[in-house]
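Novice: Quick one, structure for this:
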Amino acid sequence: MKIALYSGTYVKDKDGAVKSISQLVSSFRHNGHQVTVWSPDVSPLDNHNGLTVHTVPALPLPQYPDYKLGFFSSETKRQLDAFAPDIVHISTPDFVGRKFLLYAKERSLPLASAFHTDFPSYLKYYKLKFAERPFWKYLTWFYNCCDVVFAPNESVRRKLEEENIRNIAIWSRGVDKELFDPSHRSEQLRVKWNATGRTVFVFAGRFVLYKDIEVVIKVYDRFIEAGYADSVRFVLVGSGPKEAEMKLRMPEAVFPGYLTGVELSEAYASGDVFLFPSITEAFCNVALEAIASGLPLVVSDKGGCRDIVERSGAGLLARSGDVDDFFSKCLELSGKSLHYQELQARGLAFAETKSWSSINSVVVDLYKEMVNGAAGSIACCTALSAERFVNNADITS
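Specialist: Residues are numbered from 1 along each chain as shown. Next up is the predicted model:
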């Protein structure tokens, strides 16, 4: 089958959504299917290994120039017509995503989408909470036009159902265990961080408000104020608009920059605890990468990170936004106690069950059913397969 896939960004390792999409594309191709990708955000430096990736016209977002707003052009339509897809997959419900949706509907093509990012939850961080209801109204319309909508876990599935979104199936997320593994721990890197003999708290992600970086900064402050300056080290992996402010307010922290590949895996494995207070995650790929690297989690009791802790038993939940509770949980794991070791072992065992090939096989199988089914039976096919997806998620998680 031929799959047309649209994503708001397709820059390798840029974020968790792109990592998941890239792995799905690889699974499709490994199973002998043709994929063509369209995106407004494509890096000329990425090697796509023969995959056709079309760049749609775009402008950088004013506050976040790293991300781009795309536009559907007549050339995009000609490219779609020439490819003649059997099914359309939309990863981002933006302006271009809407055009891909209409293209599929006009041609009675099977249509799938995935809820990668909880965009409405970002609005309150920018004093735009008034726009949350209209945004959900649009998303409900968008996703209900699709034959299947993939949620990454049960908590997101329930959230979508509460918004009256139908035809939801679960597509979980996997982790590359060869890349993310405790064997990549580097004492040389810890020396570079001046972290020998210290507990290293790692944060990895965008330095933006909606990642709840304020909690990270204030937990750092609590450790310094409580006299732990010589026994802990905070390592913040990533970049973003708040980077200068964070460096100013966390002078004893280490900022290695935006890391990918082996450098990222070494940074994870060379830490001791993964601190990630964000409540806006749909799945939280970084938390799964962290436990695969041997780091117990301290995360919020809201959002996708909670789901990973509950399924894996590999960390502690702190009350969202509660700096005192986050500090307490971090302090609890600051020494490698028996409890710490138990959490670490659970995380490593959980990660072993999360191969990408197994996770993605359910998507590949459903798409074959959708493409091979009669036009009038797509919804029925989706409903039957959704139940199988939920069961699969329970088994593999």
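
Novice: which residue ranges form the strands in the stretch 101-250 of the chain?
Specialist: Using DSSP state E, counting those that start in this stretch, the strands of the stretch 101-250 of the chain run over residues 111-114, 148-151, 168-170, 199-204, 232-237.

Novice: Pipe those strands into JSON lines and attach distance to residue 309 and mean neighbour count per row.
Specialist: For glycine as for every other residue, the C-beta is placed from the backbone atoms N, C-alpha and C. Listed next are these as JSON lines, based on distance: least, C-beta to C-beta, whole Å; neighbours: other C-beta atoms under 10 Å:
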{"stretch": "strand 111-114", "distance to residue 309": "23", "mean neighbour count": "24"}
{"stretch": "strand 148-151", "distance to residue 309": "18", "mean neighbour count": "28"}
{"stretch": "strand 168-170", "distance to residue 309": "18", "mean neighbour count": "22"}
{"stretch": "strand 199-204", "distance to residue 309": "16", "mean neighbour count": "24"}
{"stretch": "strand 232-237", "distance to residue 309": "20", "mean neighbour count": "24"}
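
Novice: Determine the number of other residues adjacent to residue 281.
Specialist: Residues lying near residue 281 (other C-beta atoms under 10 Å) number 28.

Novice: Also the one 5 residues further on?
Specialist: Other residues within reach of residue 286, judged by other C-beta under 10 Å, total 27.

Novice: ok, back up a step: so which of the strands of the stretch 101-250 of the chain is nearest residue 72?
Specialist: Closest to residue 72 of these is strand 111-114 (C-beta to C-beta; 15.6 Å).

Novice: quick one: average confidence on the closest one?
Specialist: Across strand 111-114, the average pLDDT comes to 97.

Novice: which strands and helices sit next to that strand?
Specialist: Judged by 3 or more C-beta pairs under 8 Å, 6 or more residues apart in numbering; DSSP states H and E, strand 111-114 is in contact with strand 87-90, helix 95-106, strand 148-151.

Novice: Off-centre distance for the second one?
Specialist: It stands for helix 95-106. Offset of helix 95-106 from its chain centre (C-alpha atoms, centre = their mean, to the nearest Å): 24 Å.

Novice: Would you mark the buried spots in it?
Specialist: By 16 or more other C-beta atoms under 10 Å, the buried positions in helix 95-106 come out as 96-101, 103-104.

Novice: Which secondary structure elements does that helix sit against?
Specialist: strand 2-6, strand 68-70, helix 74-83, strand 87-90, strand 111-114, helix 132-144.
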